[in-house]
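Asks: Next comes the sequence, and after it the predicted model I'd like to discuss.
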Amino acid sequence: MCSELFRIPLHWLSIPVWDSVAPGALLAGLLCCGAIGTLLWGKRTNRSAEAWGYLPGLLLLAAAAVFLPKLFPGGLPIRGYGVMVLLGSLAGIWLAVLRAQQMRLHPDVIFSLAFGMFVCGIVGARLFYVVEYWNPRFQFDEWTNTLVKIVSFTQGGLVVYGALLGATIAFIVFVRRHRLPALAMADLIAPSLLVGLAFGRIGCLLNGCCYGGESAQWWAVTFPTESVLYQEQVVTGRMHGIELAFPADKPFALVAQIDPGSPAAQSGLTVGMRILRFNGAPTPYVDRELLRTIDKQVPLVLQTDDGQSIHLPAPDPRRRSLPVHPTQVYSAVNAGFLAWMLGTFYPFRRRDGEVAALMLTIYPISRFLLEIIRTDESAVFGTGLSISQNISLVLLAGALVFWVYLRRQEPGRAVLAPLGEHNTSRKPNAQAPRFRE
């Protein structure tokens with residue numbers, strides 16, 4: 001885990017580099033000038049729609065430049081997760097550009113499309129994460145701190161299916177505005193999406209999120225004390241050799257698991273016991289008390305609903321979590337393999353849309369299986385499945401309908417003509433008509 005790679009200071013050699021409004025305002029002004037210049041370039045080259053596609057991102061960067069000192073008073077952190085997301089995006093764009101050149105499509109189309117999909121994908125992924133984890137991670141803080149936490153996406157907290165939704169919206173708007181064949185473009189960029197996902201999962205490993213369940217395999221990984229996983233293992237009692245469950249609207253914690261041979265097993269604690277107090281504190285304060293037993297090396301006294309008092313010795317002061325499955329690595333390998341599979345299948349497609357349909361078929365299946373060994377998402381909707389597993393099933397059903405639609409179409413592939421042209425006909429000798437922005 002390497003959440004923060006380095007930090008860009010607001011001061012350098014006692015010189016305020018970014019510790020006032022002026023530098024941010026200057027950069028914001030330059031970005032706004034760049035936005036105006038981009039719009040003028042689009043008007044001059046008859047590519048206004050493409051130029052407008054860059055505008056939201058430039059304005060977001062301008063706003064970030066102004067509020068940077070307030071959001072990051074200790075300096076701008078450069079985080080491993082954000083760097084890997086950026087590298088994944090660049091690798092995916094590079095791959096799409098290579099394929100676009102083979103299809104006689106101007107690279108500028110890919111750059112413009114990628115910019116819009118990247119911004120909308122990040123927004124969709126973050127909003128999905130905030131909605132999913134609102135209660136445990138955002139709800140009970142001051143609104144200013146909550147706002148900072150919401151926009152701090154480089155620290156982790158991007159949901160793949162949210163990114164897919166946001167990027168899909170941007171894609172639909174782009175191809176309609178440019179009058180490009182949607183299914184052919186979807187096939188072109190499908191492998192790139194999975195390449196970006198592979199890099200992003202390595203970012204998850206650096207950030208310590210998207211972790212798996214406990215494992216005794218030699219390739220299992222551990223995370224340091226500042227990781228979410230370590231904190232979760234402490235507050236659920238795993239460091240004491242037990243696992244606690246917290247039934248909704250119940251004033252007790254339920255002992256769900258006891259490690260054989262642990263001090264907890266030797267103390268007379270049994271599975272199914274209901275714990276009312278931890279070191280005299282009621283269940284709502286269990287997090288504080290369990291963390292204190294680790295930090296202060298004090299015993300833990302459990303009081304059950306039948307009046308028993310069970311004493312557990314202070315656990316060994318761990319500086320790492322218990323070993324868990326490196327599901328981030330599993331996911332990265334899975335995404336890389338699927339990207340290779342889609343790229344290999346691309347020349348053999350008989351109809352536009354088959355590459356995208358293959359992605360929407362295989363990825364939900366692999367994601368559903370990976371969720372079985374991930375423990376960072378709880379079951380929802382009373383299904384016993386995580387939210388990602390529920391969405392995977394919906395996507396798989398949609399992919400099957402998509403395949404039925406494609407099979408009813410005549411075999412053939414649209415020709416992606418150079419920028420300023422496109423081909424709406426499936427006849428190989430048809431001349432591609434012109435279009436205007």
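Replies: Arrived safely.
Asks: going forward, measure contacts between C-alpha atoms and count neighbours the same way
Replies: Noted.
Asks: The closest residue to residue 122 other than its chain neighbours: helix or strand, and which one exactly?
Replies: Once flanking residues are discounted, residue 122 sits nearest to residue 163: 5.9 Å by Cα to Cα, 6 or more residues apart in numbering. Following DSSP states H and E, the helix or strand that holds residue 163 is helix 160-178.
Asks: per-residue pLDDT, residue 56?
Replies: What the model reports as pLDDT for residue 56 is 69.
Asks: Likewise for residue 13?
Replies: 47.
Asks: circling back to that earlier point, contacts only, for the residue nearest to residue 122.
Replies: Residues in contact with residue 163 (Cα atoms under 8 Å, 6 or more residues apart in numbering) are 120, 121, 122, 123, 124, 125, 126.
Asks: ok, so of the residues you listed, who is nearest residue 370?
Replies: Distance to residue 370 across these (Cα to Cα) is lowest for residue 125, with 18.9 Å.
Asks: Can you point out the buried residues in the one helix or strand that closest one maps to?
Replies: Applying DSSP H and E as the criterion places residue 125 in helix 107-132. The neighbour-count check on helix 107-132 (16 or more other Cα atoms under 10 Å) flags 107, 109-130 as buried.
Asks: Could you do stretch 229-249 as well?
Replies: For stretch 229-249, burial by neighbour count (16+ other Cα under 10 Å) applies to 229-231, 233-244, 246.
Asks: Export that stretch to CSV, keeping only CA atoms.
Replies: The C-alpha coordinates for stretch 229-249 follow below in CSV (Å, rounded to 0.1, in the frame of the first residue of the first chain):
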residue,chain,number,x,y,z
LEU,A,229,-9.1,-2.8,6.2
TYR,A,230,-7.0,-2.7,9.4
GLN,A,231,-9.5,-0.4,11.0
GLU,A,232,-12.4,-2.7,10.0
GLN,A,233,-10.6,-5.8,11.3
VAL,A,234,-10.0,-4.0,14.7
VAL,A,235,-13.6,-2.8,15.2
THR,A,236,-15.1,-6.2,14.2
GLY,A,237,-13.0,-8.0,16.8
ARG,A,238,-10.7,-9.9,14.4
MET,A,239,-7.6,-8.7,16.2
HIS,A,240,-9.0,-10.4,19.4
GLY,A,241,-9.7,-13.7,17.6
ILE,A,242,-13.4,-13.1,17.2
GLU,A,243,-15.8,-11.6,14.6
LEU,A,244,-18.7,-9.4,15.7
ALA,A,245,-21.9,-8.8,13.9
PHE,A,246,-24.1,-5.8,14.6
PRO,A,247,-27.8,-6.5,13.9
ALA,A,248,-29.7,-3.5,12.8
ASP,A,249,-31.6,-1.7,15.5
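Asks: ranges for the strands of the stretch 301-437 of the chain?
Replies: 309-312, 379-380, 385-386 (DSSP state E, counting those that start in this stretch).
Asks: So which of those strands is the most surrounded?
Replies: For these, the largest average neighbour count (mean count of other Cα atoms under 10 Å) is found in strand 385-386, namely a mean of 19.
Asks: Direction included, what does that one pair against?
Replies: Here strand 385-386 is paired, per DSSP bridges, with strand 379-380 (antiparallel).
Asks: Quick check: which helices or strands does the helix holding residue 125 pack against?
Replies: Under the contact criterion of 3 or more Cα pairs under 8 Å, 6 or more residues apart in numbering; DSSP states H and E, helix 107-132 touches helix 48-71, helix 80-102, helix 160-178.
Asks: helix or strand right after the last one?
Replies: Using DSSP H and E, the helix or strand that follows helix 160-178 towards the C-terminus is helix 182-207.
Asks: three-state assignment of the spatially most central residue of the chain?
Replies: Geometric centre of the chain, nearest residue: residue 158, 2.7 Å, by Cα atoms, centre = their mean. Three-state assignment for residue 158 (DSSP: H, G, I helix; E, B strand; the rest coil): coil.
Asks: Residue 131 is in contact with that one, correct?
Replies: No - here residue 158 does not reach residue 131: they are 11.3 Å apart, not a contact under Cα atoms under 8 Å.
Asks: Beta-bridge partners for the nearest residue to residue 247 once chain neighbours are set aside, please?
Replies: Leaving aside its sequence neighbours, residue 247 sits nearest to residue 253 (Cα to Cα, 6+ apart; 7.0 Å). Note on residue 253: beta-bridge partners by DSSP bridges are residue 275.
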